[in-house]
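**Q** Below is the sequence, then the predicted model.
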Amino acid sequence: EMEINQVRYPFGEVSLPPVDIVTEKELFACDVFIFCASKGVPPVGAGGDVRMAQLEANRELIGHFAALAAAASYDGLVCVVSDPADPLC
C-alpha cells in the first residue's frame, strides 16, 4: 500500500486512484478480481518446462483464492495474469 500509493506520473499531470488494503473477507466485494501473484519463478537455465514449474508453485495460490471466492459466492469476473495463465484458469 505504501509503495503503490507513492507511484506518480511524471510532472504530476495525472492523479492515480488511492490504493486501499483489504482483508481476505473483503477481497471479493468487487466486480473484477485480477490474479497477478507469483509464488516462484524458476532460475535462469533451469531445466524442464518452466511453465509447469510455475504451475506447481502458483496453483496453491490460485486454489486458495478460488476457495475464498466460492465461500463469498463471488459472481464477478476473474482474470488470471500469472504464468502459466491457461492451466491456472
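**A** Yep, that arrived.

**Q** Within its local environment, how many residues does D75 see?
**A** By other CB atoms under 10 Å, 8 other residues sit near D75. Where C-beta positions appear, they are placed from N, C-alpha and C, glycine not excepted.

**Q** which SS state does it fall under?
**A** Taking DSSP: H, G, I helix; E, B strand; the rest coil as the rule, one finds D75 in the coil state.

**Q** mind checking how far it is from D31?
**A** 9 Å (CB to CB, to the nearest Å).

**Q** go on, D83?
**A** D83 is 25 Å from D31, by CB to CB.

**Q** Looking at those two, which has the bigger crowd around it?
**A** D83 (17 against 9).

**Q** nearest spatial neighbour of that one, skipping sequence neighbours?
**A** Q54 (4.8 Å; CB to CB, 6 or more residues apart in numbering).

**Q** Can you classify the one you found by secondary structure?
**A** Note that with three-state DSSP, the state of Q54 is helix.

**Q** So it versus V41, what's the distance?
**A** For Q54 relative to V41 (CB to CB), the value is 7 Å.

**Q** who has more neighbours, these two?
**A** Q54 (21 against 13).

**Q** show me what contacts that one?
**A** If you count contacts by CB atoms under 8 Å, 6 or more residues apart in numbering, Q54 has them with S38, G40, V41, P42, S82, D83, P84.

**Q** Nice, that's everything, thank you.
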